[in-house]
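Trainee: What shape does this take:
(one chain, ligands or ions: 2)
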Amino acid sequence: MRHFERKQNLFLNKDALGESYQPDQIEERDEEIEEYMDALQPVIDGWEPNNIFLYGNTGVGKTAVTDFLLDQLQSDIEQYDDINFTVITLNCKTLTSSYQVAVALVNKLRPHGGEISTTGYPQQAVFEKLFQELDKIGGTILIVLDEIDSIGSQDDLLYELPRARANDKLDGTKVGVIGISNDFKFRDHLDPRVQDTLCEREIQFPPYDATELESILQSRSEVAIVDDGIEQGVLGLCAALAARDSGSARQALDLLRLAGEVAENQDADKIKITHVEAAREKLEQKRIEQGMRELTSHGRLALLAVISKTAKNEAPCRTKAVYREYMSLCESADIDPLAQRSLHNHLSDLRMLGILSSNENRSGSRGNYYSYELDVPFSSAIDAMSDVMVLEQEIQTIRDIAQMNNVL
Ligand code: ADP
Ligand code: MG
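Mentor: Ligands and ions are numbered 1, 2, ... in the order given. Coordinates of the predicted model:
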């Protein structure tokens with residue numbers, strides 16, 4: 001008996017919907033591209049590069065546009081013999097200080113045995129090594145520091161690197177820095193000197209709207225999915241859902257890929273609206289689970305209390321009522337309950353995570369109070385709870401009550 005068999009194949013190239021795929025074509029970013037090209041123009045003219053700072057939420061095309069334009073620049077520059085041009089790209093996601101970024105850059109530039117250890121040198125010594133390595137390459141160098149916001153306030157390198165030439169640290173090498181940040185606050189918190197140098201040119205990438213996302217999905221699906229593999233309206237739905245939530249192309253592409261997987265698992269001949277809906281629920285559930293994993297046991301109990309009130313058709317409900325429910329869950333779980341005020345903090349955290357939503361109600365002389373309800377589908381919430389919690393019996397009871405009340 002065979003264990004594996006090929007499924008109905010809806011994907012031409014599934015990787016084209018994945019993280020590492022580089023599109024040949026950028027949709028809907030003409031203005032940003034124009035601004036970006038203008039900022040890069042000095043490179044091809046042989047002048048010192050601008051330092052450029054790019055910002056926008058995750059998934060709005062910062063990395064894709066940068067890769068695309070720098071590839072283009074690299075190939076267009078070949079027609080000029082007098083420019084020796086190098087791009088160095090570093091993703092800083094896991095690096096939390098200038099020091100670590102500088103070490104990573106040095107080690108990228110001397111990969112064969114010359115690597116330096118990640119601790120133990122004075123910071124300035126690492127910077128000097130970096131300048132030496134850059135001078136060895138010479139010519140014009142653009143250093144792309146992607147997801148640079150992870151270095152937080154330890155931003156010295158972002159001052160030193162763009163100013164190295166002016167400060168005679170470099171021997172004629174022309175260095176420009178492209179900093180990319182998912183977090184605009186990062187820019188505001190930079191040292192003002194760093195802001196002046198690094199943010200010479202600033203380009204903002206706004207979230208995509210549904211129309212833009214649909215055109216990105218359209219062009220990507222031509223590479224990724226077989227002809228006639230998509231039912232009418234599917235791309236529009238993926239685009240609308242992602243636009244409403246984040247405006248992220250990554251989210252829209254993830255949704256389409258997962259919908260395709262659902263469709264294949266059901267041996268469907270097309271990706272249909274129902275597959276997108278199923279995919280959305282799965283993604284939602286993953287998000288909630290991720291959020292829940294980060295919760296303390298009291299945070300989880302607070303959430304379970306709201307879930308339980310929802311099952312009883314008693315949501316939205318006030319903190320006080322959630323608290324009573326929480327107390328009784330604590331008792332079942334044999335955990336000492338927190339005070340109502342602390343529970344309130346947990347409820348706020350859950351709201352920040354997008355798992356709960358709250359309304360502020362004014363009640364005249366007695367001041368304002370909040371009422372809470374689930375901001376995610378009941379079924380996703382309770383399923384995620386069963387995965388992370390041990391209160392099996394209580395969770396089953398809540399399911400039964402929900403079923404009785406037609407909540408589930
Ligand atoms: P960011 O770096 O802003 O987080 P990315 O550049 O990684 O976002 O984009 C996320 C995904 O969406 C990638 O797969 C990328 O190829 C795709 N993408 C984003 N914007 C566009 C666009 N304008 N045209 C085509 N694909 C895009
Ligand atoms: Mg990126």
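Trainee: Let's verify the closest residue to residue 219 other than its chain neighbours: helix, strand, or coil?
Mentor: Here the nearest residue to residue 219 in space, its sequence neighbours aside, is residue 27; by CB to CB, 6 or more residues apart in numbering that works out to 5.5 Å. C-beta coordinates here come from the backbone N, C-alpha and C atoms, glycine included. At residue 27 the chain is in coil, as set by DSSP: H, G, I helix; E, B strand; the rest coil.
Trainee: what about residue 347, distance to residue 392?
Mentor: For residue 347, the distance to residue 392 equals 24 Å [CB to CB, to the nearest Å].
Trainee: Same question for residue 333.
Mentor: Residue 333 is 11 Å from residue 392, by CB to CB.
Trainee: likewise residue 242?
Mentor: 35 Å.
Trainee: Could you do residue 15 as well?
Mentor: 40 Å.
Trainee: Looking only at neighbour counts, state which of those two leads.
Mentor: residue 15 (12 against 9; other CB atoms under 10 Å).
Trainee: Any figure for the gap between the more buried one and residue 181?
Mentor: 27 Å.
Trainee: for the helix or strand where residue 132 lies, packing partners?
Mentor: Element membership of residue 132, judged by DSSP states H and E, is helix 123-137. Packing partners of helix 123-137 (3 or more CB pairs under 8 Å, 6 or more residues apart in numbering; DSSP states H and E): helix 98-109, helix 156-163.
Trainee: Now the element after the shortest one, going C-ward?
Mentor: Sequence-wise, the next helix or strand downstream of helix 156-163 (DSSP H and E) is strand 174-181.
Trainee: report the angle between the axes of that next one and helix 123-137?
Mentor: Interaxial angle, strand 174-181 versus helix 123-137 (axes from the mean of the first three to the mean of the last three CA atoms, to 10 degrees): 120 degrees.
Trainee: Give me the buried positions along the helix or strand just after strand 174-181.
Mentor: Moving toward the C-terminus from strand 174-181, the next helix or strand (DSSP H and E) is helix 184-189. When burial is assessed from 16 or more other CB atoms under 10 Å, helix 184-189 yields the following buried residues: 186, 187.
Trainee: what packs against helix 184-189?
Mentor: strand 52-55.
Trainee: Which other helices and strands does the helix or strand just after the strand it packs on contact?
Mentor: Tracing the chain C-terminally past strand 52-55 and defining elements by DSSP H and E, one meets helix 62-76 next. The contact analysis (3+ CB pairs under 8 Å, 6+ apart) places helix 62-76 against helix 30-45, strand 52-55, strand 85-91, strand 140-146, strand 174-181.
Trainee: Export the ones you listed as TSV, with columns for distance to ligand 1, mean neighbour count and mean pLDDT.
Mentor: Listed next are these as TSV, based on distance: least, CB to the nearest ligand atom, whole Å; neighbours: other CB atoms under 10 Å; pLDDT from 0 to 100:
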stretch	distance to ligand 1	mean neighbour count	mean pLDDT
helix 30-45	9	16	96
strand 52-55	8	24	95
strand 85-91	10	17	97
strand 140-146	7	23	97
strand 174-181	7	25	95
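Trainee: which bits of the stretch 51-200 of the chain sit near ligand 1?
Mentor: Contacts of the stretch 51-200 of the chain with ligand 1, taken as CB under 6 Å from any ligand atom, map to 56, 58, 59, 60, 61, 62, 63, 64.
Trainee: would you list those in TSV and tack on pLDDT and neighbour count?
Mentor: What follows is these, written out as TSV (pLDDT from 0 to 100; neighbours: other CB atoms under 10 Å):
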residue	pLDDT	neighbour count
56	95	22
58	93	14
59	95	23
60	96	25
61	96	24
62	97	24
63	96	19
64	96	19
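Trainee: What is the neighbour count of residue 228?
Mentor: The burial count for residue 228: 9, using other CB under 10 Å.
Trainee: what about the nearest residue to it once chain neighbours are set aside, distance to ligand 1?
Mentor: Counting by CB to CB, 6+ apart, residue 270 is the residue found nearest to residue 228 once chain neighbours are left out, at 7.0 Å. From residue 270 across to ligand 1, the span is 23 Å (CB to the nearest ligand atom, to the nearest Å).
Trainee: tell me the contacts of residue 270?
Mentor: By CB atoms under 8 Å, 6 or more residues apart in numbering, the contact set of residue 270 is 10, 228, 229, 230, 231, 263.
Trainee: Drop anything exposed from those residues.
Mentor: Using 16+ other CB under 10 Å, the buried members of these are 10, 229, 230, 231, 263.
Trainee: Against ligand 1, how distant is the fourth one?
Mentor: Between residue 231 and ligand 1 the distance is 22 Å, computed by CB to the nearest ligand atom.
Trainee: hmm, who's touching whichever strand or helix holds residue 235?
Mentor: Applying DSSP H and E as the criterion places residue 235 in helix 234-245. With contact meaning CB under 8 Å, 6+ apart, helix 234-245 is reached by 207-211, 213-214, 217-218, 221, 248-249, 251-252, 255-256, 259, 271-273, 275-276, 280.
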